[in-house]
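Undergrad: sequence and predicted structure below; questions after.
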Amino acid sequence: MRIKASVIVATIATVCAFDSAWSQSLIPRSAQAAPQKAAAPAPAATPTQPPAPTPAKANCANPNALGVSRVVAIDTTGGPGFGFEHFKQLDFLRDKEVVLTFDDGPWPVNTPSVLKTLADECTKAIFFPIGKHATYYPEILKQVVEQGHTVGSHTWSHANLNNKKLTEAQQKEEIEKGFSAVKWALGSAPSPFFRFPALQHPPAMVTYLGERNIAIWSCDLDSFDFKASKAEKIVDTVMTKLDKHGKGIVLMHDFQKHTAEALPELMKRLKAGGYKVVQVKAKAPVQTIAQYDEEVTKNVKLPTVSTRPLNSVVQTISE
């Protein structure tokens, strides 16, 4: 696959030590939606210099926390791809470095549990929420950003964009509506980071994301946590693959109960193995398209609340 523009991966700071396929049957698709005329791509955002990062352990109550070893900023111009499962050109990780990523949230109990573990270890991750889930639980997704993590998107409904039944307009709608839903939930635009469901990358959509200046995130190693029946299996899978490759972008799911359960032990194993977490940010937020912003807002708009005064609604007729 062709990367259309050069990419700058800039190291911002060095600080103290610090989908794969989730079963498609779990999330309804919007594949039956009538094809819509795709909106013209929004103009690229003018890159802005990100703020200087706060040291990972500056306010950390855990002196032995995993923390963040360094923070990098991604210039998403041209839609760069990351993760050796699909992209070989851009390898920004050093030996023993990892990027933690979580798909399919936000979800009650599981996402807050993941956030607590990351907070206890004063470390950061990238979250790729599903648009529908973002509209279900916006308050949980807000917590992700408030705690300093990076948020991208994982489509509107977790539809496999390689599905031949989807038109190109429907594929684009899945991408754009996902970003607009996350923007609606957060109240501000997320990072221009995208992960394809099932890691299925239709060439036309890779090209489209390049035109939209949205980075594509595959992975270096998959935890296969959606298949695991026990938390221990997830930890063993991740550590076995990391020890083999020496570094990597790790794919997990904050939707999964066993992943939340496995994370504390995984953090311990990462520290014991001498691994360090790299925090990833975008140089500029995504520019969503008004058509999809309006569609999401219309779909999630709450029913009109009555403004009648209490005494006109409830009256005491007997005491």
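TA: Nice, thanks for sending it over. Not measured: the values here are computed from a predicted model.
Undergrad: for the residue nearest to the spatial centre of the chain, give me phi and psi.
TA: Computing the C-alpha centroid of the chain and ranking residues by Cα atoms, centre = their mean puts Phe128 first, at 1.7 Å. With angles defined as degrees, to the nearest 10, Phe128 sits at phi -120, psi 90.
Undergrad: quick one: it and Ser153 touch, right?
TA: Yes: the criterion here is Cβ atoms under 8 Å, and Phe128 meets it with Ser153 at 6.4 Å. Backbone N, C-alpha and C define where each C-beta goes, glycine included.
Undergrad: now do the shared contacts for those two.
TA: Counting by Cβ atoms under 8 Å, 6 or more residues apart in numbering, the shared contacts of Phe128 and Ser153 are 193-195.
Undergrad: so which of those residues belong to strands?
TA: Using DSSP state E, the members of those that fall in strands are 193-194.
Undergrad: report how many residues lie close to the nearest residue to Pro106 once chain neighbours are set aside.
TA: Distances taken as Cβ to Cβ, 6 or more residues apart in numbering place Ile140 nearest to Pro106, at 3.8 Å, with adjacent residues excluded. Residues lying near Ile140 (other Cβ atoms under 10 Å) number 22.
Undergrad: contacting residues for Ile140?
TA: 105-108, 111-112.
Undergrad: circling back: once you drop chain neighbours, what's closest to the residue nearest to the centre of the chain?
TA: Nearest to Phe128 is His154, by Cβ to Cβ, 6+ apart, at 4.0 Å.
Undergrad: check contacts around the one you found.
TA: By Cβ under 8 Å, 6+ apart, the neighbours of His154 are 19, 103-104, 128-131, 178, 194-195, 197.
Undergrad: picking that back up, which one of the shared contacts of Phe128 and Ser153 sits closest to Lys230?
TA: Arg195 (25.2 Å; Cβ to Cβ).
Undergrad: my guess is that closest one meets Trp217, correct?
TA: Yes: with contact defined as Cβ under 8 Å, Arg195 reaches Trp217; the gap is 4.7 Å.
Undergrad: got the end-to-end distance for stretch 266-279?
TA: Stretch 266-279 has its terminal residues 17 Å apart, counting by Cα to Cα, to the nearest Å.
Undergrad: kindly report the same for stretch 122-132.
TA: 29 Å.
Undergrad: again, but for stretch 215-227
TA: First-to-last residue span, stretch 215-227, Cα to Cα: 27 Å.
Undergrad: which residues touch Val280?
TA: 71-72, 74, 99, 126, 150, 193.
Undergrad: intersection of neighbour lists for Arg195 and Trp217?
TA: Counting by Cβ under 8 Å, 6+ apart, the common neighbours of Arg195 and Trp217 are 101, 128, 152.
Undergrad: quick one, what contacts Asp225?
TA: 234, 237, 252-253, 256, 258-259, 262.
Undergrad: top helix in the protein by residue count?
TA: helix 168-186 (DSSP state H).
Undergrad: can you lay out the contacts of His154 as a markdown table showing pLDDT?
TA: A markdown table is the format used below for the contacts of His154 (pLDDT from 0 to 100):
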| residue | pLDDT |
| --- | --- |
| Asp19 | 44 |
| Asp103 | 98 |
| Asp104 | 97 |
| Phe128 | 98 |
| Pro129 | 98 |
| Ile130 | 98 |
| Gly131 | 98 |
| Gly178 | 98 |
| Phe194 | 98 |
| Arg195 | 98 |
| Pro197 | 97 |
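Undergrad: distance between stretch 224-234 and the chain's centre?
TA: Its chain's C-alpha centre and that of stretch 224-234 lie 20 Å apart, by Cα atoms, centre = their mean, to the nearest Å.
Undergrad: may I see the buried residues of it?
TA: In terms of neighbour count (16 or more other Cβ atoms under 10 Å), stretch 224-234 has its buried residues at 224-228, 231, 233-234.
Undergrad: tell me the one of these nearest Gln291?
TA: Closest to Gln291, out of all of the buried residues of stretch 224-234 and judged by Cβ to Cβ, is Phe226, at 32.5 Å.
Undergrad: secondary structure class for that closest one?
TA: Secondary structure state of Phe226, per DSSP: H, G, I helix; E, B strand; the rest coil, is coil.
Undergrad: in CSV, list the C-alpha atoms belonging to the helix or strand hosting Val250.
TA: If you go by DSSP states H and E, Val250 is part of strand 248-253. Provided in CSV are the C-alpha atoms of strand 248-253 (Å, rounded to 0.1, in the frame of the first residue of the first chain):
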residue,chain,number,x,y,z
GLY,A,248,5.8,-3.3,19.4
ILE,A,249,2.4,-1.7,19.1
VAL,A,250,0.1,-3.9,21.2
LEU,A,251,-3.6,-4.4,20.2
MET,A,252,-6.1,-5.0,23.0
HIS,A,253,-9.8,-4.2,23.7
